[in-house]
Structure formats: C-alpha cells, structure tokens
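Visitor: Quick one: sequence and predicted model below, then my questions.
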Amino acid sequence: MDPRYRLDDTIDMETPSIARMYDYVLGGGANFEIDREAADAIPDGMPGSRAWAQANRAFVGRAVAAMCERGIDQFLDLGSGAPTVGSPHEIALRHNPDARIAYVEREPIAVEYAARVLEDEPRVTMTWADFRDVDSVLAADGVADLIDFDRPVGILAMAVLDLLEDVDPKELTAAYRDACCAGSAMGISHAVGLTLSLEEQEQVLAVMRRTNTPGAGFGTVDDVAKLLTGYVLLEPGIVPVGAWRPADPITDEEARRANYVGAVGLRLS
C-alpha cells in the first residue's frame, strides 16, 4: 500500500470520522460522542445531516436493485462505512440469495463492527483498506476471493468521491472501471450545491475540515459526468438522489434540497 495511505492500528479519538458520523445519522451504533457532535453541527438537510443520509441511503438501495435487475450479482462497495439497516448486501441478497458483496472501509471501528454484524453472512466480506489504493483493494483476500472480475461487477462509490484529497477521483473511477468486464456498472453519489449558497456550503465544509476527510468539497453535475466516463448512464441520468427512480413521487424542489446527485452507469464494452 502507498505509504501515504497506510492504515494505522490505533483509533484517533480526537478527530471525528466521516464513516462514524454517517453511521450515527443513519441510527447505527459504531460511533462516538465526537462523531455525534460533529454530525449535529451540520444543519438539517445539508450533506452530512440525517435527512441527507436517509436520502442517500435510499438512493443506494435503488441503485443496487437496478443493477440486480440487470443480472449483476456481485458488488464492490468502496468506502462503505459500517453496515446498517438497508445496506447494499441486504438489498442484493433480497433480490438474489446467491449475490456476493465485498465492502471496503478504512475506518477501523466500522470494520470491527461489521465483522460482528456480518459473521453469519458467508457471501459478504468487509476488508480493512483504503479504496484510493486500487491495487491493494483488488488483491485483498476479502475482494479477490469473493469477486470474479471476469463476470459483471457493480461498483458502488457512494458519498465518498467528494471527500478525497491527494488523489484524482476520475483516475480512481477509471481504474475500477478498467478492472471490470463489459456488463459491469458503477453507482455514484456526490455533493452538488443545488440549493445551497456559498455561505451555506462553507458551513458544511467547516465541519468536514475537523474530520478525517478535510478535503471534502462540492462538485458540479459535469464533474460527476466525468467520473462516469466510459459508462452509459441509466435513466434518468445524473439527477438529485431523491429523483433517481423514486419509490414515491417527489417534487423537483424536494429532491434538490438534499444537495446530492446520483447516477448509475453501465459499461457496455
């Protein structure tokens, strides 16, 4: 693994973790007081808040279901966080009991929590790794022994590519795309300031700078489109997460309020 991304075996109790914050706003138990305080500092409805997390999690479920409907039965979830209700493996296994799901996460508490939650799930693994190190992820036992890259794979990069620093997210998505065969898919969700003023965006980023992902930032729809280069977008394209094949009708105003967009792309060749 690149030494810049080497994982430490100690837990930083002085810095909020975005994975543990996400777990908290989804109602999970793999978080600490410092994470809860940071998450509560984000105004309701903005990226990182409880309403945002619920909208994003619902989109992830619909994206996984759409991939399952196309016959994809194995998934690689990058920067997955701790598994909670409605996690991708639950959705995938509901559609296909033979589905396989490999989670990858660098937050040790999330990984330890997952090891307990998933111990009775033989078709689901959690790998402790940094998804920025593509070669290490693809070679990890929990990935290489579970996922057959000669068959279609659903790559999930949900609410993680807007947190990166020291690496080009376009290069990352291209590397994972190139590791997969035709018929594979990639799902992405990403922060876009659809209704937030620059001042409101700064409120979110000020909190993020206190976390273990200080490089977090907002992008544009065009930025997200570039992350999916080489894929054909499934309908309805890149839209607010709540408007991507919603189970119940949602107005454009309601959907834009999450300030997060999502898309699923299919690799045809």
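Guide: It's in.

Visitor: in the stretch 151-269 of the chain, which spans are strands?
Guide: Secondary structure of the stretch 151-269 of the chain (DSSP state E, counting those that start in this stretch): strands at 154-158, 185-191, 232-233, 239-240, 260-266.

Visitor: The third one packs against which elements?
Guide: Under the contact definition 3 or more Cβ pairs under 8 Å, 6 or more residues apart in numbering; DSSP states H and E, strand 232-233 sits against strand 260-266. C-beta: built from backbone N, CA, C; applies to glycine.

Visitor: Please give me every residue in contact with Thr125.
Guide: Contacts for Thr125 (Cβ atoms under 8 Å, 6 or more residues apart in numbering) come out as Ile101, Ala102, Tyr103, Leu118, Gly142, Val143, Asp145, Leu146.

Visitor: one step back: which stretch among the strands of the stretch 151-269 of the chain approaches Phe131 most closely?
Guide: When the strands of the stretch 151-269 of the chain are ranked by distance to Phe131, counting by Cβ to Cβ, first place goes to strand 154-158 at 8.0 Å.

Visitor: other SSEs contacting that closest one?
Guide: Using 3+ Cβ pairs under 8 Å, 6+ apart as the contact criterion, the elements in contact with strand 154-158 are helix 50-69, strand 74-78, helix 169-178, strand 185-191.

Visitor: one more time with 10 Å, if that's ok
Guide: For strand 154-158, the contact count by 3 or more Cβ pairs under 10 Å, 6 or more residues apart in numbering; DSSP states H and E identifies helix 50-69, strand 74-78, helix 88-95, strand 100-105, helix 169-178, strand 185-191, strand 260-266 as packing neighbours.

Visitor: Could you export these to CSV, including columns for distance to Leu227 and mean pLDDT?
Guide: Shown next, in CSV, are the helices and strands packed on strand 154-158 (distance: least, Cβ to Cβ, whole Å; pLDDT from 0 to 100):
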stretch, distance to Leu227, mean pLDDT
helix 50-69, 14, 96
strand 74-78, 12, 98
helix 88-95, 19, 97
strand 100-105, 17, 98
helix 169-178, 5, 98
strand 185-191, 6, 98
strand 260-266, 9, 98
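
Visitor: ok so, going back, right, and the strands of the stretch 151-269 of the chain - which one's nearest Pro214?
Guide: Shortest distance between Pro214 and the strands of the stretch 151-269 of the chain, using Cβ to Cβ, is found for strand 185-191: 14.6 Å.

Visitor: In CSV, list the strands of the stretch 151-269 of the chain along with mean neighbour count.
Guide: Conversion of the strands of the stretch 151-269 of the chain to CSV gives the following (neighbours: other Cβ atoms under 10 Å):
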stretch, mean neighbour count
strand 154-158, 25
strand 185-191, 27
strand 232-233, 14
strand 239-240, 22
strand 260-266, 26
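
Visitor: I'd like the ones you listed laid out as CSV, including distance to Arg210.
Guide: Supplementary listing: the strands of the stretch 151-269 of the chain in CSV, determined by distance: least, Cβ to Cβ, whole Å:
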stretch, distance to Arg210
strand 154-158, 22
strand 185-191, 17
strand 232-233, 35
strand 239-240, 27
strand 260-266, 21
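
Visitor: which stretch among the ones you listed comes nearest Gly217?
Guide: strand 185-191 (7.4 Å).

Visitor: List the neighbouring strands of the closest one plus their orientation.
Guide: Sheet partners assigned to strand 185-191 using DSSP bridges are listed as strand 154-158 (parallel), strand 260-266 (antiparallel).
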